[in-house]
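K.L.:
Return atomic coordinates for the entry below.
(2 chains)
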2 protein chains.
Amino acid sequence: MSDSTSQPLSTWVEVPKNSDFTIYNLPFGIFKNKRLSPRIGVAIGVKIVDLSVLDQEGFFAEMFLPEGIFLSDSLNEFISLGKAKTRKVREKVQELLLAENGELRDHSIRGKVMVNRKEAEMLMPVKVGDYTDFYSSIEHATNVGKMFRDPENALLPNWRHIPVGYHGRASSIIPSGVPIHRPKGQFKDADMEMPAFGPSRRLDFELEMAFITGKETKMGDSVSTQEADDYIFGFVLFNDWSARDIQAWEYVPLGPFLGKSFASSISPWVVTLEALEPFRVSGPEQQPEVLDYLKLDQPSNFDINLEVFIAPDGKKPSKVCTSNFKYMYWSVAQQLAHHTVNGCNINVGDMMASGTISGATEDSYGSMLELAWKGSKPIKLETGEERKFIEDGDTVIMKGYGEKDGIRVGFGEVEAKVLPAK
Amino acid sequence: MSDSTSQPLSTWVEVPKNSDFTIYNLPFGIFKNKRLSPRIGVAIGVKIVDLSVLDQEGFFAEMFLPEGIFLSDSLNEFISLGKAKTRKVREKVQELLLAENGELRDHSIRGKVMVNRKEAEMLMPVKVGDYTDFYSSIEHATNVGKMFRDPENALLPNWRHIPVGYHGRASSIIPSGVPIHRPKGQFKDADMEMPAFGPSRRLDFELEMAFITGKETKMGDSVSTQEADDYIFGFVLFNDWSARDIQAWEYVPLGPFLGKSFASSISPWVVTLEALEPFRVSGPEQQPEVLDYLKLDQPSNFDINLEVFIAPDGKKPSKVCTSNFKYMYWSVAQQLAHHTVNGCNINVGDMMASGTISGATEDSYGSMLELAWKGSKPIKLETGEERKFIEDGDTVIMKGYGEKDGIRVGFGEVEAKVLPAK
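P.N.:
Numbers count the residues shown, from 1 in each chain, chains lettered A, B, ... in the order given. Just a heads-up that it's a prediction; the model follows:
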């Protein structure tokens, strides 16, 4: 892959200004359209490269890929080929898209290879085996601790020693664009004598990012922080929908369950770890010093700008949050090392989300719970409405991108509309 | 299927006295041996019925099953056919095995159909999509509350209103016979100033049962308690291995994670809901009255005797616990109704475990934590050893069976040996 510090790369494909899908990005996803069955594509500007057609035409011939590998409704098998191969595929696609390369540009197959992104429907990129959600933003954990526990002792004693996490529900992870229903459940507010049942009154988003594992381990084995990169295929934006009233009543002592399991929305393009390398930065200093198995030997955070918008039904979106993935106290390498240190095995296609990514300032909080501080400070939208939580008809949109030295690599967006309870 | 109150059934297959695998049971599982690749079988006495051979010989011809449905390394696709079909297959197998039926007994293919159970290796019966663990024994929850919280207020306020549960790790569920390694992790005892890392010092079992879902739902839909039976394919024994020291340090506020995710062991034969019907009983009275969506219109507990044994390395097993599945405060129908009431979708092959099944008496507690009361009352084994928790080299064995009116239906066993930390 070309060195980002050398001559800037350009492509013969139309890439609008501020597009997330530049020649430096080239994320993988599963798409279909009216004509085409689900298959693997790579996003570039306004187009998707249909890898199955490239493959049929012999462009990957020297790689000896399994037949039909790109005619799949998930990336799992492709990712399982290993980084040596998947990286080569991405490099080959980049090479073919370079402005000066006529191999595909001037080929008669070009029209069949390049699909309009606007006309494509994006599907779940992977079949998620297990899904884990961490709780790795110190600002988020502190805010929650201040609201629900002790403002003077907001962080629990274990927080600075372990990347706290829990298992989530994999079946209800859905791609951007799929609407969700407001969940129903049990809740018991402080002023209620007995619990009641009904639609959640406090539906929230959580701004997160998630990585997708690219290599399996055997039970009993662990992945060190040094080895972690080898096991991380790529990243997506992750909206961990949360019903705060259901969650508050159910979560003691075994953690969040129905307050989360009704839906999680992800962006459909998997941005590879390689594409994010230019944005690698050091995370916050960790005090006290972490145990040996959590120590890092390289910067392991990523400078990715994150934004959340709310669009009331039929109205324009208002930005409600500006955060950054680099704020994470615990990095993905530490999350993966911790997750496997007990011998828990991972599979290709596992998803591990960051937990809500909040920053230090009030406009950088990654959930309505924090932005409107438990409902006490409603947020004003540009359209004039106020919001304490998410209302029926609202669409929540999250965006994320890195930008550095003229290189932009982004995730597109994850959006979902909230429909009334069924 | 024959009515249990009529003439007792007998079979031409050798079924030892007290065998769990009687003509009334006929559980499904995945087996292989030196000669045969993984496939679906039904257990009967000392034999396994190789369904793939029966199918090839046309015994299921009138059912129009998909070709090769039994030549699979999981039951998922078979279960997905729906109860109408899977029940017919089981009924046909029972009919063929009846003492008076010569169709298979006298057929030249019999030797190929009937495989010796002793020579078979049992594999995971299903590919588990999502795994959920409940906490549904009131005696267990009370014991834990007494030990770690307030003896006077042992149950948390939500416990009698919701079947508390959490998502567990699906990837590390393994079939009986596979040894586990003692997990490593972080812990911080009350007398330690800083957390330490090392092999768990308090490894425990949890005696549980789990059901396997047999029908999917769409996101947003719910399964009522009345519909639950339709979505439950069958049951297995479940040992929810737990590292108490790791769990105690990590579990606040998001629940158990690495203290559980290193391994869970299950019995390999899936006993169908139909086979357990004779053992259906009412559960304990629920006070206060539960919310409408949790109300039951039929007895929904099952009278299944449960036993746990510990065998120190190279020594004979000692029984350490005698419990019963009927003690569950929350029934499986209530668990499933609760799990889906928020619209969380389920898939075929999801596993939902009960939580530790403890009874009222001290010998019926389903974990070492309770049996040896946090290490304060070591258990004496028949071999002379004492145990506070599980030691390296120990094998933990769980058994379960129902017995009524001359009918015995059992689960065989789930056993696993504990190897030293890797």
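K.L.:
By proximity to chain B, which residue of chain A wins?
P.N.:
At 2.4 Å from chain B, A:Gly255 is the closest residue in chain A, using C-beta to the nearest C-beta. Glycine gets a C-beta too; all of them are placed from N, C-alpha and C.
K.L.:
Quick check: that residue touching B:Gly255?
P.N.:
Yes: using C-beta atoms under 8 Å, A:Gly255 is in contact with B:Gly255, at 2.4 Å.
K.L.:
how about the helices in the stretch 1-150 of chain A?
P.N.:
In the stretch 1-150 of chain A, the segments counted as helices under DSSP state H, counting those that start in this stretch are A:51-56, A:76-80, A:83-97, A:102-105, A:110-113, A:138-148.
K.L.:
Could you dump the ones you listed into TSV and include mean neighbour count?
P.N.:
TSV is the format used below for the helices of the stretch 1-150 of chain A (neighbours: other C-beta atoms under 10 Å in any protein chain shown):
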stretch	mean neighbour count
helix A:51-56	21
helix A:76-80	20
helix A:83-97	18
helix A:102-105	15
helix A:110-113	14
helix A:138-148	20
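K.L.:
can you put these in JSON lines and add distance to chain B?
P.N.:
Conversion of the helices of the stretch 1-150 of chain A to JSON lines gives the following (distance: least, C-beta to the nearest C-beta, whole Å):
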{"stretch": "helix A:51-56", "distance to chain B": "26"}
{"stretch": "helix A:76-80", "distance to chain B": "13"}
{"stretch": "helix A:83-97", "distance to chain B": "21"}
{"stretch": "helix A:102-105", "distance to chain B": "39"}
{"stretch": "helix A:110-113", "distance to chain B": "34"}
{"stretch": "helix A:138-148", "distance to chain B": "8"}
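K.L.:
Mean pLDDT for the ones you listed - can I get that in TSV?
P.N.:
Formatted as TSV, the helices of the stretch 1-150 of chain A follow (pLDDT from 0 to 100):
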stretch	mean pLDDT
helix A:51-56	98
helix A:76-80	98
helix A:83-97	98
helix A:102-105	98
helix A:110-113	98
helix A:138-148	96
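K.L.:
Excluding chain neighbours, what is closest to A:Phe197?
P.N.:
Residue nearest to A:Phe197 in three dimensions, not counting chain neighbours: B:Leu291, with 5.0 Å by C-beta to C-beta, 6 or more residues apart in numbering or on different chains.
K.L.:
Dihedrals phi and psi, the one you found?
P.N.:
With angles defined as degrees, to the nearest 10, B:Leu291 sits at phi -60, psi 160.
K.L.:
Count the residues that sit near it.
P.N.:
16 (other C-beta atoms under 10 Å in any protein chain shown).
K.L.:
Check the one 10 residues further on too.
P.N.:
The criterion is other C-beta under 10 Å. On that basis, B:Asn301 has 22 neighbouring residues.
K.L.:
Kindly report the same for A:Ala120.
P.N.:
By other C-beta under 10 Å, neighbour count at A:Ala120 equals 21.
K.L.:
likewise A:Glu57?
P.N.:
Counted with other C-beta under 10 Å, the neighbours of A:Glu57 add up to 15.
K.L.:
now swap in A:Lys17 and tell me
P.N.:
There are 5 residues near A:Lys17, going by other C-beta under 10 Å.
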